[in-house]
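Colleague: Got a sequence here, can you model it:
(one chain, ligands or ions: 1)
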Amino acid sequence: MDFFEVVKVRQSIRAYCDQPVEPEKLQAILDVINRAPSAGNLQGYEVYCVTQRRCLTDLARAANQDFIAQVSLALVFCAHPARSAQKYSQRGVALYCLQDATIACAYAQLAVTALGLATVWVGAFNDDAVRRAIGVGKDLQPIAILPIGYAAEKPDVRTRRSIDDLVHRIA
Ligand SMILES: Cc1cc2nc3c(=O)[nH]c(=O)nc-3n(C[C@H](O)[C@H](O)[C@H](O)COP(=O)(O)O)c2cc1C
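Modeller: Got it, this is the predicted structure:
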């Protein structure tokens, strides 16, 4: 699939087959994440790669979204404000680390799709419950959970705003 095809076919999947993700596919996703740009190249975020059954269940509870417990792999993206603060002080803390983590997660979502796997961006969760599940402290801000697996559903494609509504041209 070329890039535009990947973007076109990606959709949020909330039902997964009982089929593990191949280790080489996981490695390819991690390699893509590590290519993502970041402010000052500081990579102000951490990625937790979760395969432990109990942790996956805890993440599903933290998000109150049961489908997370269906997968055998989830990635949790956490902003790491202190890393970005090294160079950018308050702007690093309040903005860049969040952007870094978000970009990395967006790259991961597309890599997952390109590999024939499925995911959904999970952003609704209890922050502290996610921290407890992955064993981190308040120095990290959970940004997103990506459950990753093989799709067991084919949802209708969600509509978008029109380009004219979305884009404000200043010519
Ligand atoms: C920041 C963010 C948070 C989201 N949080 C959730 C979530 O907690 N649970 C969920 O099922 N989907 C979540 N989604 C997925 C969106 O609902 C989905 O991307 C949107 O409806 C468009 O559908 P599509 O991804 O199939 O194109 C989130 C997406 C984003 C970008």
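Colleague: How far away from the center of its chain is the longest strand along the chain?
Modeller: Taking DSSP state E as the criterion, the chain has its longest strand at strand 141-149. Strand 141-149 sits 4 Å away from the centroid of its parent chain (C-alpha atoms, centre = their mean, to the nearest Å).
Colleague: Are it and the ligand in contact anywhere?
Modeller: No - judged by C-beta under 6 Å from any ligand atom, strand 141-149 stays clear of the ligand, getting no closer than 6.7 Å. C-beta coordinates here come from the backbone N, C-alpha and C atoms, glycine included.
Colleague: C-terminal to that strand, what's the next element?
Modeller: On the C-terminal side of strand 141-149, the closest following helix or strand by DSSP states H and E is helix 163-166.
Colleague: Contacts only, for the residue of the chain found nearest the ligand.
Modeller: In the chain, the residue that lies nearest the ligand is G123 (2.9 Å; C-beta to the nearest ligand atom). Each residue near G123 by C-beta atoms under 8 Å, 6 or more residues apart in numbering is listed here: I143, A144, I145.
Colleague: still on that earlier bit, which of the residues in the longest strand of the chain are buried?
Modeller: For strand 141-149, the neighbour count (16 or more other C-beta atoms under 10 Å) marks Q141, P142, I143, A144, I145, L146, P147, I148, G149 as buried.
Colleague: Then stretch 13-25?
Modeller: Applying 16+ other C-beta under 10 Å to stretch 13-25 flags I13, R14, Y16, V21, K25 as buried.
Colleague: what does stretch 84-100 give?
Modeller: So, applying 16+ other C-beta under 10 Å, buried residues of stretch 84-100: S84, A85, Y88, G92, V93, L95, Y96, C97, L98, Q99, D100.
Colleague: Among those, which are located in helices?
Modeller: S84, A85, Y88, C97, L98, Q99, D100 (DSSP state H).
Colleague: Leaving out chain neighbours, which residue sits closest to the second one?
Modeller: What it means is A85. G92 (4.6 Å; C-beta to C-beta, 6 or more residues apart in numbering).
Colleague: Which elements pack onto the longest strand of the chain?
Modeller: Using 3 or more C-beta pairs under 8 Å, 6 or more residues apart in numbering; DSSP states H and E, the elements in contact with strand 141-149 are helix 53-63, strand 73-79, helix 97-114, strand 118-119, helix 127-134.
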